[in-house]
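>>> Could you work out the structure for the sequence below:
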Amino acid sequence: MRVAVSACLLGERCKYNGGSNLDVALVEGLRAQGCTVIPVCPEVAGGLPVPRPRCEILDDRVVDEFGASVDAAFRSGAAAELARIETAGGIDAAVLQPRSPSCGVGLVYDGTFTGKLVPGDGVFAALIKERGVSVYAPDEVDARLLGERR
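All right, here's what the predicted structure looks like:
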């Protein structure tokens, strides 16, 4: 099974603040199941620096904490990562960082930078879901993604 995984979950220091969201259990679980992991970071692929200002989705557009639109970078990065994945043979599923304006699935921050979550998907998550890819948060992997292989 070929699985796209947010690079920050794999330990890459590509988060807005220069950190990562390394999830050792996720990495070990995917490895144990023999999955081919394809790291993705649409924000870096869109040319955004690390570190960078916090970004959230406001009225279907991505803005940074200073009010500047970074929507074009998010959308071009999402398209670039999708093209890279498709060129490499596609994916069967994706495990993406929750709440992210790129990778969030089901809930994202509301654009007020107050920590409030609203229903919705990040730019990249929405794009690959439109292509029929199953998308999971890390805490859904054992029960749903890897369980499908058994």
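
>>> Looking at the protein, which helix is longest?
In the chain, assigned by DSSP state H, the helix with the most residues is helix 71-87.

>>> quick one: that one to chain centroid distance?
Centroid displacement of helix 71-87 relative to its chain, using Cα atoms, centre = their mean, to the nearest Å, is 11 Å.

>>> now for it, which elements pack on it?
Contacts defined by 3 or more Cβ pairs under 8 Å, 6 or more residues apart in numbering; DSSP states H and E place helix 71-87 against strand 36-40, helix 42-45, strand 61-64, helix 123-130. C-beta: built from backbone N, CA, C; applies to glycine.

>>> Name the stretch among the ones you listed that sits most buried.
Comparing the helices and strands packed on helix 71-87 by mean neighbour count (mean count of other Cβ atoms under 10 Å), helix 42-45 ranks first with a mean of 26.

>>> Let me know the average pLDDT across that helix.
Throughout helix 42-45, pLDDT has a mean value of 98.

>>> ok, residues contacting whatever helix or strand comes next after that helix?
Remark: after helix 42-45, the chain's next helix or strand is strand 55-58, criterion DSSP states H and E. Contact with strand 55-58 is made by 16, 43, 62-65, 70, 74, 101, 108-113, 120, 122-123, as judged by Cβ atoms under 8 Å, 6 or more residues apart in numbering.

>>> I'd like to know which of these are buried.
Among the contacts of strand 55-58, those classed as buried by 16 or more other Cβ atoms under 10 Å are 16, 43, 62-64, 70, 74, 101, 108-111, 113, 120, 122-123.

>>> Quick check: the most centrally placed residue in the chain vs residue 97, distance?
Centroid-nearest residue in the chain: residue 103, 2.6 Å away (criterion: Cα atoms, centre = their mean). Applying Cβ to Cβ, to the nearest Å, one obtains 4 Å for the distance of residue 103 from residue 97.

>>> ok so, going back, could you check the angle the longest helix of the chain makes with strand 36-40?
160 degrees (axes from the mean of the first three to the mean of the last three Cα atoms, to 10 degrees).
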